[in-house]
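*Asks:* With the input below, show me the fold.
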Amino acid sequence: MSEEPHRGESADRQETADAPEARPPRKGRRRWRRARRFVVRLVAFVLAVVAGLVVAILTVDLGPLVRDLAERRGSQYIERPMRIGRLSAKLIPGTFVVDDLIIEGLEPAGRPFLTVRKITVQFPWWTVFSRRLNIESVTMTDWDMFVETFPPSADRPTGRHNFPRFTRPRTEPARPLPFTTTLKALLASRGSFTYEDHGTPWRTVARNLTVQMYRSDVTRDYRGRTTFSNGTVQIQNYLPFRTDMQSRFTLDGGKVHFDRIDLLSDGAKSIVTGDLNLARWPEQLYQVRSRIDFPTQKNIFFHDQGFTVSGEGDFEGTFHLFKGGRRLQGTFRSAVAGLNDWRFPGLRGSILWLPDRLEITDATSGLYGGSARFDFRMAPFGAPTRARAEWDVAYRDVDLARLTDFLETQGVRLAGRASGQNRLAWQLGRWAERRGGGEIVVEPPPGVQPMAPDVPADRLAALEEQPVEVGPFNPFLPLGYLPVAGRIAYAIDPEWIVLDESWAATERTVVTFSGRTAYGERSRIPFHVTSLDWQESDRVLAGILTMFGAPAAAVPIGGHGEFDGVMLGAFRQARIQGRFTGENLRAWGVVWGSGRADLVIENAYAFVADSVMTRGDSEIRANGQFSLGYPRRDGREEIDARVRISRRPLADLRHAFRLDDYPVEGVLSGEFHVYG
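*Replies:* I've put the predicted structure just below:
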């Protein structure tokens with residue numbers, strides 16, 4: 001009997017018999033598996049080291065060769081020298097960094113157009129192989145842009161600016177690009193922008209400037225926001241003022257459309273929309289609506305001028321900035337604008353501001369019951385000589401009662417309506433050298449007939465029958481609102497106001513005059529007075545002197561006649577001299593008759609010479625000085641005269657000197673010295 005082999009041994013023998021070769025022993029197989037695992041791990045380690053070395057190599061400064069190439073290509077494209085401090089890249093995940101970028105200005109030694117501390121561009125560069133270059137973001141920090149423009153010159157009639165050419169006009173049909181480029185987002189922060197116009201000149205600086213832009217997935221266009229704070233604007237030599245701004249915009253190629261700009265500046269709040277064409281810099285056009293505070297604006301542009309303004313106004317118009325100039329044009333309005341104590345309701349007009357001039361035209365407003373229209377121009381700016389200002393104003397139907405109430409005139413207030421025009425011209429900063437002229441025409445109130453130079457005989461006869469003033473004489477009796485009429489024509493130069501043939505009249509007095517005055521100081525004004533009532537004329541004269549700051553009181557006088565004379569000196573201390581004639585003359589309650597005299601009126605005295613007064617067969621001749629008011633404020637004597645009397649009734653003399661209680665009758669003749 002034979003034994004069966006063991007199962008394991010039988011299987012081994014069977015496999016050995018069937019296999020073409022004998023298998024290695026079990027121990028050898030284990031070593032092979034360990035070796036294979038080692039090789040795999042070694043290869044992985046080597047790949048990791050190689051990958052790390054690649055990443056390390058690709059995150060380094062690209063070196064002067066690539067940087068110089070970028071500088072050359074950039075400079076050629078914008079036609080302006082461009083410098084790069086450092087250019088580096090990390091190809092995984094796709095980040096490129098530009099440090100210390102500089103684009104020069106028009107002159108190498110001048111201020112650069114752009115300086116940037118750092119620009120970071122992130123994009124997966126391998127998308128180029130799919131014909132799409134998707135830039136995820138561009139970040140720019142610590143940057144400064146400086147733009148300047150220069151006025152036209154002989155070799156550059158349209159002027160020049162330092163803005164580089166970032167775009168090119170097409171000279172042939174566009175060719176399809178090998179790939180498309182898409183920028184998803186841009187952020188430029190901690191920046192500043194300066195614009196300087198050397199022609200006007202004017203300058204604006206935007207600080208703390210941030211520009212954000214992104215590509216809309218819905219509209220497929222670029223939208224963004226811009227903000228800055230603590231900016232400044234300075235125009236010519238006026239005070240600088242602060243500005244802050246927020247805006248929204250869309251970008252279409254080289255054109256930027258601002259949906260809204262909120263601009264807040266000292267004394268103004270503006271809402272702006274418009275367009276900026278980067279391809280045609282500095283082409284910009286904006287629609288502007290502003291609310292303006294007049295006192296703040298006055299402090300900016302006229303801070304050293306001694307006048308005040310009040311009120312607020314609205315401006316609506318356009319601002320166009322273009323190569324070689326600018327144009328601000330629009331309309332303004334104000335419910336009530338004030339200049340010093342003057343008020344101008346319903347003010348409105350048009351404004352035009354160009355590089356060489358400023359014009360305010362068709363401006364209208366109410367004016368104390370009437371209306372006014374004016375034009376104001378300043379030009380030329382930027383010329384070797386100072387710009388000139390011209391102010392033309394016309395006014396109609398100004399209510400003199402309201403006007404003199406506003407002026408709070410002392411002595412007399414007027415009734416009637418004034419119309420006229422005035423023109424002044426001067427070099428800016430030289431107001432004292434102003435020149436011009438104008439005319440004032442005054443119409444009396446309805447129903448009032450002013451006096452004429454040729455007095456009709458019937459008016460004289462009617463006047464003889466009118467009663468004289470009764471009761472105690474009041475030297476300060478108010479005239480009420482004195483109805484007046486007249487015409488005053490004048491010319492103005494730095495030293496004089498020259499009066500052409502002019503006249504002014506009340507119902508009982510008419511004055512014709514001409515001459516000149518050094519603005520109320522040195523004066524020479526010949527005049528002729530025709531009066532139907534010397535008492536009214538004297539009260540009017542006292543009121544006018546008081547109005548001009550030389551308080552005067554009326555004296556008890558009456559009659560009618562003429563005075564042909566001249567006013568000399570300052571209005572406040574005028575000297576009036578001339579020849580007086582009169583009929584039915586009354587003074588101190590006595591009718592003295594007809595008379596004539598040479599008079600000098602000064603310091604509230606009437607100095608009389610060669611005077612003759614007759615009534616019937618009596619005659620009085622007098623020379624000396626007589627006070628025009630008593631008691632005198634200066635305490636000086638009221639009379640100092642030498643009088644020769646012939647056949648004058650004593651009753652007249654007793655009444656004039658308040659001696660009615662003395663029972664003396666008859667006529668008096670003699671020579672006397674009266675003083676004290």
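*Asks:* and stretch 252-267, how far from the chain's centre?
*Replies:* 23 Å (Cα atoms, centre = their mean, to the nearest Å).
*Asks:* what does the strand or helix carrying Val66 contact?
*Replies:* Element membership for Val66, per DSSP states H and E: helix 63-78. Residues outside helix 63-78 that contact it (Cβ atoms under 8 Å, 6 or more residues apart in numbering): 81-84, 86-87, 103, 164-166. In this view, the C-beta of every residue, glycine as well, is placed from N, C-alpha and C.
*Asks:* how about it as PDB, C-alpha atoms only?
*Replies:* Extracted in PDB, the C-alpha atoms of helix 63-78 (Å, rounded to 0.1, in the frame of the first residue of the first chain):
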ATOM      1  CA  GLY A  63      16.000  90.400 -14.100                       C
ATOM      2  CA  PRO A  64      17.300  93.400 -16.000                       C
ATOM      3  CA  LEU A  65      16.800  91.800 -19.400                       C
ATOM      4  CA  VAL A  66      13.000  91.400 -19.100                       C
ATOM      5  CA  ARG A  67      12.600  94.700 -17.200                       C
ATOM      6  CA  ASP A  68      14.600  96.600 -19.900                       C
ATOM      7  CA  LEU A  69      12.400  95.000 -22.600                       C
ATOM      8  CA  ALA A  70       9.200  96.100 -20.700                       C
ATOM      9  CA  GLU A  71      10.500  99.600 -20.300                       C
ATOM     10  CA  ARG A  72      11.400  99.900 -24.000                       C
ATOM     11  CA  ARG A  73       8.100  98.500 -25.300                       C
ATOM     12  CA  GLY A  74       6.100 100.700 -22.800                       C
ATOM     13  CA  SER A  75       8.100 103.800 -23.700                       C
ATOM     14  CA  GLN A  76       7.600 103.200 -27.400                       C
ATOM     15  CA  TYR A  77       3.900 102.700 -27.000                       C
ATOM     16  CA  ILE A  78       3.100 105.800 -25.000                       C
END
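*Asks:* Quick check: next helix or strand after that helix?
*Replies:* strand 82-90.
*Asks:* Could I get the buried residue list for the helix or strand following that next one?
*Replies:* Using DSSP H and E, the next helix or strand after strand 82-90 towards the C-terminus is strand 95-103. Buried residues in strand 95-103, counted by 16 or more other Cβ atoms under 10 Å: 95-98, 101, 103.
*Asks:* Can you flag the buried ones in the contacts of helix 63-78?
*Replies:* 82, 84, 87, 103, 164.
*Asks:* Contacts only, for the first one.
*Replies:* Going by Cβ under 8 Å, 6+ apart, Met82 touches 71, 74-75, 101-104.
*Asks:* And for the second one?
*Replies:* The contact partners of Ile84, taken as Cβ under 8 Å, 6+ apart, are 67, 70-71, 98-102.
*Asks:* Tell me the spacing between it and Asp68.
*Replies:* 9 Å (Cβ to Cβ, to the nearest Å).
*Asks:* buried stuff in the helix holding Val66?
*Replies:* 67, 70-71, 74-75, 78.
*Asks:* so which of the residues you listed comes closest to Leu276?
*Replies:* Ile78 (18.1 Å; Cβ to Cβ).
*Asks:* hey, where'd the strands end up in the stretch 101-250 of the chain?
*Replies:* Under the criterion DSSP state E, counting those that start in this stretch, the stretch 101-250 of the chain contains strands at 114-122, 132-135, 137-150, 160-161, 180-183, 185-197, 202-215, 222-235, 241-252.
*Asks:* in its sheet, what does the third one sit against?
*Replies:* Taking DSSP bridges as the criterion, strand 137-150 sits next to strand 114-122 (antiparallel), strand 160-161 (antiparallel), strand 185-197 (parallel) in its sheet.
*Asks:* try the last one
*Replies:* Each strand that pairs with strand 241-252, with its direction, by DSSP bridges: strand 222-235 (antiparallel), strand 255-265 (antiparallel).
*Asks:* Can I get the ones you listed in TSV including mean pLDDT and mean neighbour count?
*Replies:* Output for the strands paired with strand 241-252, formatted as TSV (pLDDT from 0 to 100; neighbours: other Cβ atoms under 10 Å):
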stretch	mean pLDDT	mean neighbour count
strand 222-235	93	17
strand 255-265	95	16
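*Asks:* Would you reformat those strands as CSV and include distance to Gln535?
*Replies:* Formatted as CSV, the strands paired with strand 241-252 follow (distance: least, Cβ to Cβ, whole Å):
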stretch, distance to Gln535
strand 222-235, 59
strand 255-265, 62
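*Asks:* So for Val412, which of these sits nearest?
*Replies:* strand 222-235 (45.1 Å).
*Asks:* what's the angle between that closest one and strand 202-215?
*Replies:* 170 degrees (axes from the mean of the first three to the mean of the last three Cα atoms, to 10 degrees).
*Asks:* The helix or strand that contains Ser365 - contacts with which helices or strands?
*Replies:* Using DSSP H and E, Ser365 maps to strand 357-367. Taking 3 or more Cβ pairs under 8 Å, 6 or more residues apart in numbering; DSSP states H and E as contact, the helices and strands that strand 357-367 lies on are strand 342-354, strand 370-379.
*Asks:* Tell me if I'm right that Ala554 and Leu479 touch.
*Replies:* No - between Ala554 and Leu479 there is no contact under Cβ atoms under 8 Å: 9.6 Å.
*Asks:* Between the two, which contacts overlap?
*Replies:* Arg539.
*Asks:* who has more neighbours, the two?
*Replies:* Ala554 (22 against 17; other Cβ atoms under 10 Å).
*Asks:* how about the more buried one, phi and psi?
*Replies:* phi -80, psi 160 (degrees, to the nearest 10).
*Asks:* Also Gly199?
*Replies:* phi -80, psi -50.
*Asks:* now do Asn299
*Replies:* Torsion angles, degrees, to the nearest 10, at Asn299: phi -70, psi -30.
*Asks:* got a list of what the closest residue to it other than its chain neighbours touches?
*Replies:* Nearest residue to Asn299, sequence neighbours excluded (Cβ to Cβ, 6 or more residues apart in numbering): Leu239, at 7.1 Å. By Cβ under 8 Å, 6+ apart, Leu239 lies in contact with 299-301, 303.
*Asks:* residue contacts, Ile292?
*Replies:* For Ile292, counting by Cβ under 8 Å, 6+ apart, the contacting residues are 267-268, 312-315, 332.
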